[in-house]
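**Student:** model this:
(chains A, B, C, D and E)
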Amino acid sequence: MLMAEVVGSVVSTQKDPSLVGKKLMIIQPINSHQEKIRFQQVAADTVGAGIGDYVLLASGSSARRLFSEPSDAVDYAIVGIIDTFDM
Amino acid sequence: MLMAEVVGSVVSTQKDPSLVGKKLMIIQPINSHQEKIRFQQVAADTVGAGIGDYVLLASGSSARRLFSEPSDAVDYAIVGIIDTFDM
Amino acid sequence: MLMAEVVGSVVSTQKDPSLVGKKLMIIQPINSHQEKIRFQQVAADTVGAGIGDYVLLASGSSARRLFSEPSDAVDYAIVGIIDTFDM
Amino acid sequence: MLMAEVVGSVVSTQKDPSLVGKKLMIIQPINSHQEKIRFQQVAADTVGAGIGDYVLLASGSSARRLFSEPSDAVDYAIVGIIDTFDM
Amino acid sequence: MLMAEVVGSVVSTQKDPSLVGKKLMIIQPINSHQEKIRFQQVAADTVGAGIGDYVLLASGSSARRLFSEPSDAVDYAIVGIIDTFDM
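**Tutor:** Okay, the predicted model is just below:
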């Protein structure tokens, strides 16, 4: 799982039915020193994460399987809130 | 999902049957400040997106599952139009 | 799908049975201005593409599903020839 | 499989049920000269790896299938401890 | 498929059962001019490749499906030896 910071969200009216009702958060991947790596993406939230939280991300088919309802369009999901980084 | 801007389209006569009838849009991934990231790809449109629209992309097996007809060759799809970026 | 130019092919005698009889083309990914991006890969051809053609590529499980015969080793396939880039 | 060094771990209280009870290790991918490559991720441990160990990582659906219990959120797993690099 | 050169191997005693008995080769991806690209990984050999050979790699679920025995931890496999690069 990538580590990331939640930095925002997107609003989308015209979208695939499987995205309706999901919180679509903009996330910035980070390393364990909270430095930015890679590039931003949009992830569907599954754990009640908010802006400024450090989170864990699941990608690909793993992300799609986390929802009980059909979620075909989801390829990135927030699956945990990071309390501490232990180095 | 990646965020992206729709910047064009491709015409292809000789192609896999699963691509026939699909709008094949050239997309440029962006971050939440609408700055270019990564590299262009071609995505099958599912939401009626046009050139200049900011969109959400699903990749891999997620993209393939969005169509009711067989879509084996699709590994990138436009799944939403972004109205606003909230930071 | 990535856009790419076909730049060559590879010959391989000792290979997985699922690659026998397939044309294995070397492709160079490009953007819509035909500038090189990323890095070369080898893709199995499904549309009769030749050297110099601009093509569309499917990756991962999408690529593997395009063949009627077992194609377990295929993770990149040429799925269309690009006639024009419309910007 | 990527080669990596285990450099830490994360604590997460609020997380997907499929992550409960799993050791979530921060890993830094390396090459065969133990030089850092790419970027850090978090991987679920399956072999009892500790900080400072060099390990092998499985990604994507491969990682998810390694656990007997449901592991939908896992997209990276430690699958071996490297004893020696033979060059 | 990525093109790569086999540059070494790893020894791992403590590992997932699905890796037991497999040759785990360190590979360096290359382009058609045999120049290094990307970064090293470890791939399970299926074709009897040795150090110095130029090979084709399958990734992800494609790699896992090449073995008759369970191979859950395999996400990279050597699937062919390249005899010639034709440009």
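**Student:** mind listing what's buried in stretch A:23-42?
**Tutor:** Going by neighbour count (16 or more other Cβ atoms under 10 Å in any protein chain shown), the buried part of stretch A:23-42 is A:24, A:25, A:26, A:27, A:28, A:29, A:30, A:31, A:32, A:40, A:41, A:42. Any C-beta I mention is one placed from the backbone N, CA and C, and that applies to glycine too.
**Student:** Show me the two of those that sit farthest apart.
**Tutor:** The most widely separated members of those, counting by Cβ to Cβ, are A:24 and A:32 (25.9 Å).
**Student:** before we move on, back to that, dump the buried residues of stretch A:23-42 to JSON lines, plus distance to residue A:60.
**Tutor:** Rendered in JSON lines, the data for the buried residues of stretch A:23-42 read as follows (distance: Cβ to Cβ, whole Å):
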{"residue": "A:24", "distance to residue A:60": "17"}
{"residue": "A:25", "distance to residue A:60": "18"}
{"residue": "A:26", "distance to residue A:60": "19"}
{"residue": "A:27", "distance to residue A:60": "15"}
{"residue": "A:28", "distance to residue A:60": "19"}
{"residue": "A:29", "distance to residue A:60": "15"}
{"residue": "A:30", "distance to residue A:60": "20"}
{"residue": "A:31", "distance to residue A:60": "21"}
{"residue": "A:32", "distance to residue A:60": "23"}
{"residue": "A:40", "distance to residue A:60": "18"}
{"residue": "A:41", "distance to residue A:60": "12"}
{"residue": "A:42", "distance to residue A:60": "15"}
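**Student:** from these, which is closest to residue A:68?
**Tutor:** Nearest to residue A:68 among these is residue A:24, at 18.0 Å by Cβ to Cβ.
**Student:** check contacts around that closest one.
**Tutor:** Each residue near residue A:24 by Cβ atoms under 8 Å, 6 or more residues apart in numbering or on different chains is listed here: A:9, A:10, A:12, A:42, A:43, A:44, A:45, B:1, B:56, B:80.
**Student:** can we see that at 7 Å?
**Tutor:** Shown in contact with residue A:24 (Cβ atoms under 7 Å, 6 or more residues apart in numbering or on different chains): A:9, A:10, A:12, A:42, A:44.
**Student:** if I look at it, how far off is residue C:46?
**Tutor:** 35 Å (Cβ to Cβ, to the nearest Å).
**Student:** next one: residue A:51
**Tutor:** Counting by Cβ to Cβ - residue A:51 and residue C:46 are separated by 45 Å.
**Student:** ok, back up a step: just put the buried residues of stretch A:23-42 in a markdown table and tack on pLDDT.
**Tutor:** Converted to a markdown table, the buried residues of stretch A:23-42 look like this (pLDDT from 0 to 100):
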| residue | pLDDT |
| --- | --- |
| A:24 | 97 |
| A:25 | 98 |
| A:26 | 98 |
| A:27 | 98 |
| A:28 | 98 |
| A:29 | 98 |
| A:30 | 98 |
| A:31 | 98 |
| A:32 | 97 |
| A:40 | 98 |
| A:41 | 98 |
| A:42 | 98 |
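**Student:** neighbour count winner among residue A:51 and residue C:46?
**Tutor:** Comparing residue A:51 with residue C:46 by neighbour count (other Cβ atoms under 10 Å in any protein chain shown), the higher total belongs to residue C:46, at 21 against 13.
**Student:** lowest confidence element among the helices and strands of chain A?
**Tutor:** The weakest-scoring helix or strand in chain A, judged by mean pLDDT, DSSP states H and E, is helix A:61-64 (a mean of 85).
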